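Asks: Structure, please.
(chains A and B)
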Amino acid sequence: EAGVAQSPRYKIIEKRQSVAFWCNPISGHATLYWYQQILGQGPKLLIQFQNNGVVDDSQLPKDRFSAERLKGVDSTLKIQPAKLEDSAVYLCASSPMLNTEAFFGQGTRLTVV
Amino acid sequence: GENVEQHPSTLSVQEGDSAVIKCTYSDSASNYFPWYKQELGKRPQLIIDIRSNVGEKKDQRIAVTLNKTAKHFSLHITETQPEDSAVYFCAASKEGGSYIPTFGRGTSLIVHP
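Replies: Got it, this is the predicted structure:
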């Protein structure tokens, strides 16, 4: 089966600029997650969708981060404006149901300079 | 919320030795405990998982044990090989539930040939 697709793979932006990441989950997977992985740390969940509804966004810095999954399939994560500390790999994952086995995409490595 | 502690942060073994990585969790409602392997620059991939209705699960050279009373679970890799070198993450969540998966900080396993 096709895996979770993410784009772009790499992005370099200046602080205060905006950036958007795209994710296409595995077909049929109702749950979609966005994680932030800072170098040397485990993935930290930013937001979790079940179909097109938000299940949890308690760890999403809502003053600058936003995410949507309008049709319950693809999702976008946006940062506006970016800060230096946002430099990380942004991983998208999907699973057939809430909080079960998650399949990760390759991630987008964001560098904010 | 859930808190997952993982030890050690780095583990160095000789090829053929066994490796053990331990995690503790705080929320007794957690019932799903996956382990992910992340090779350098690649996505995390599930290698084994355990649910709270069993105490041990094995898959070839990999096994996971769960002690619900003590709220800890461990990954055991026997007959380690150089290709086992990677960062391993444990996680805890409530399957089907609405609280977020929490990852440990990771263990960097180095297998020396």
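Asks: what's the pLDDT at residue 87?
Replies: Let's take chain A. With respect to pLDDT, A:Ser87 has a value of 97.
Asks: oops, chain B please
Replies: The predicted local confidence for B:Val87 is 97.
Asks: Tally up the residues packed near B:Thr80, please.
Replies: 21 (other C-beta atoms under 10 Å in any protein chain shown). All C-beta atoms are positioned from the backbone trio N, CA, C, and that covers glycine.
Asks: How about it: what's its closest non-neighbour residue?
Replies: The shortest distance from B:Thr80 to any non-neighbouring residue, by C-beta to C-beta, 6 or more residues apart in numbering or on different chains, is to B:Val111 (4.6 Å).
Asks: Just the residues contacting the helix or strand harbouring that neighbour, thanks.
Replies: Using DSSP states H and E, B:Val111 sits within strand B:107-112. Outside strand B:107-112, the residues that touch it by C-beta atoms under 8 Å, 6 or more residues apart in numbering or on different chains are B:6-15, B:19, B:21, B:77, B:80-89.
Asks: The residue nearest to B:Thr80: neighbouring residues, count only.
Replies: B:Val111, neighbours per other C-beta under 10 Å, totals 20.
Asks: Quick check: bridge partners of it?
Replies: Bridge pairing for B:Val111 (DSSP bridges) gives the partners B:Val13.
Asks: where's it relative to B:Glu15, distance?
Replies: 6 Å (C-beta to C-beta, to the nearest Å).
Asks: overlap in contacts of these two?
Replies: Common neighbours of B:Val111 and B:Glu15 (C-beta under 8 Å, 6+ apart) are B:Thr80, B:Gln81, B:Pro82.
Asks: Please name the residues that touch the residue of chain A at minimum distance from chain B.
Replies: Shortest chain A-to-chain B distance, computed as C-beta to the nearest C-beta: residue-wise this is A:Gly42, at 3.5 Å. For A:Gly42, the contact set (C-beta under 8 Å, 6+ apart) comprises B:Gln6, B:Phe89, B:Ala91, B:Phe103, B:Gly104, B:Arg105, B:Gly106.
Asks: could you redo the last one with a cut-off of 6 Å?
Replies: B:Phe89, B:Phe103, B:Gly104, B:Arg105, B:Gly106 (C-beta atoms under 6 Å, 6 or more residues apart in numbering or on different chains).
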